[in-house]
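Q: fold the following, please.
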Amino acid sequence: MIGILLMSTSLVVAAQTNHAEATSWAAETLASLSLEEKVAQMICEQMRGEYTADDSEAFLYWSRLARDYGIGGFVVYGGTPRDTAHLLNRLQKLAKIPLLISSDFEGGPGQQFEGASEFPANMALSAAGSETLAYEVGKVGAIEGRAIGIHLTYSPVVDVQTRPENPVLSVRSFGSDVELLGKMASAYIRGYQENGMLATAKHFPGRGDVDLMGDTEFLINSKPASRIEAEDLAAFKKAIDAGVTFVMSEHIAIPSLTDGSDLPASVEAKLASYWLRERLGFENVLTTDDLWYPKVVDRFGAERAGVLAIRAGHDVLLKPQNAIKMIDAVARAVRDGEIAIEQIDHSVEKLLYWKARLKLHRERFVDVEHVSSVVGSKAHR
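A: Here you go, the predicted structure:
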């Protein structure tokens, strides 16, 4: 099933494992996992990238997740390139299945790692108007990211910013011109994915034109459906057509697309499944945004939010309040018949497939001694 589905992806990761091998490994690995191990593959926990001692509380916790629970991956913040590479190698050594490591490279790898290359925000790329520059930003990010041990960036932002009086995204947006946005975002995505690292289009269904929902901290996009399709969704369609591997949903409600529902895309199936999957044709990996946010926990419950997100169509739960409790809660929902095991299998098989496409099933470690010759090099700067 996954082999047929992912054949339609127009953009592949260059010089990596071929489709047939990745499909085979994903299927074989999936069949070897328990229910809890499958669910754990869908969890992404946060971590710091700086120097960490073996007996520190943080490392012992991350080690437990990797070794004992089989967590799918981590999102890394901060640190130096060499310290992060060394730390990730230690965690990869403990994991039964290779970890998928992500980070947020909106401003380039230098946004997270001291000494790595840093770049201007998206609006600067749009001002320059050069697809070549946008591609090079992605290419450098991919080369430096993979040298450190990062496989996925939570970028680019493809939200359309059309309200000057409410610049909620500021320079993170490519701007208000959907066609220009599409060209810049597509080149950026190709730059990453043709050079060995996966990219993410965010924040679906679009947080450029939002307001606070009354008496809450949740966001709402109140535009009519016709405008949302022509602007916000059109921008995501361009990223999907460029072959972006991940899409990140946001805690945003769009009543005009959901028959008046005030549920955010993180738990609303009409947004996460119907509009994204059926109408826009996205077939790859859908991740939530952070689930630890107090507004999410207070409204839905810390673990219930994850169950609802999967039911809505998500493949990855990002930064739950408690990863171990989330694994237990989702597994229980499957056993209780609330979530179909076929849905879990489908999500996990996709994630395993992309780990294999990145060749992590063959080589999950990085050469720490190679980092300083690549990351933050003169040519990249």
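Q: pLDDT weak spots in the protein?
A: Applying pLDDT under 70 to the chain picks out residues 1-15.
Q: redo that, cut-off 80
A: 1-17, 164, 166-168 (pLDDT under 80).
Q: against Asp262, how distant is Asp215?
A: Separation of Asp215 from Asp262 (CB to CB, to the nearest Å) stands at 12 Å. Using the backbone N, CA and C atoms, a C-beta is placed for each residue, glycine as well.
Q: for Ser249, which non-adjacent residue is closest in space?
A: Among residues not flanking Ser249 along the chain, Ala265 sits closest, at 4.3 Å (CB to CB, 6 or more residues apart in numbering).
Q: looking at Asp215 and Asp262, which one has more neighbours?
A: Neighbours were tallied for Asp215 and for Asp262 using other CB atoms under 10 Å; the higher tally belongs to Asp262 (14 against 6).
Q: that one reaches Ile220, doesn't it?
A: Yes. Assessed by CB atoms under 8 Å, Asp262 is found in contact with Ile220 at 7.2 Å.
Q: which residues are common contacts for these two?
A: 213, 253, 255 (CB atoms under 8 Å, 6 or more residues apart in numbering).
Q: dump the residue contacts of the second one.
A: When the contact criterion is CB under 8 Å, 6+ apart, the partners of Ala253 are 213, 218-221, 261-265, 268.
Q: isn't there a helix covering Asn89?
A: Yes. Judged by DSSP: H, G, I helix; E, B strand; the rest coil, Asn89 forms part of a helix.
Q: not counting sequence-adjacent ones, nearest residue to it?
A: Nearest in space to Asn89, with sequence neighbours left out and distances taken as CB to CB, 6+ apart, is Phe365 at 5.0 Å.
Q: what's the burial count for that neighbour?
A: Neighbours around Phe365, by other CB under 10 Å: 14.
Q: thinking again about what came up before, from the contacts of Ala253, which two are the most distant?
A: Greatest spatial distance in these: Leu219 and Ser261, 14.1 Å, computed using CB to CB.
Q: give me the more crowded residue out of these two.
A: More neighbours surround Leu219 than the other of Leu219 and Ser261, with 21 against 15 (other CB under 10 Å).
Q: so where do the strands sit in the stretch 1-150 of the chain?
A: 43-48, 73-77, 100-103 (DSSP state E, counting those that start in this stretch).
Q: got the ones you listed as CSV, with distance to Lys139 columns?
A: Output for these, formatted as CSV (distance: least, CB to CB, whole Å):
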stretch, distance to Lys139
strand 43-48, 25
strand 73-77, 20
strand 100-103, 16
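Q: any idea which of those strands gets closest to Gly141?
A: Closest among the strands of the stretch 1-150 of the chain, using CB to CB: strand 100-103, at 9.6 Å.
Q: ok, back up a step: any idea how far the residue nearest to Ser249 lies from Glu45?
A: 22 Å.
Q: of these two, give the one with the bigger neighbour count.
A: Neighbour count, other CB under 10 Å: between Ala265 and Glu45, Ala265 has more, with 34 against 22.
Q: for that one, give me its contacts.
A: Here Ala265 is in contact with 204-205, 249-254, 271-272, 312 (CB under 8 Å, 6+ apart).
Q: Gly72 now?
A: 40-44, 97, 99-100, 316, 351.
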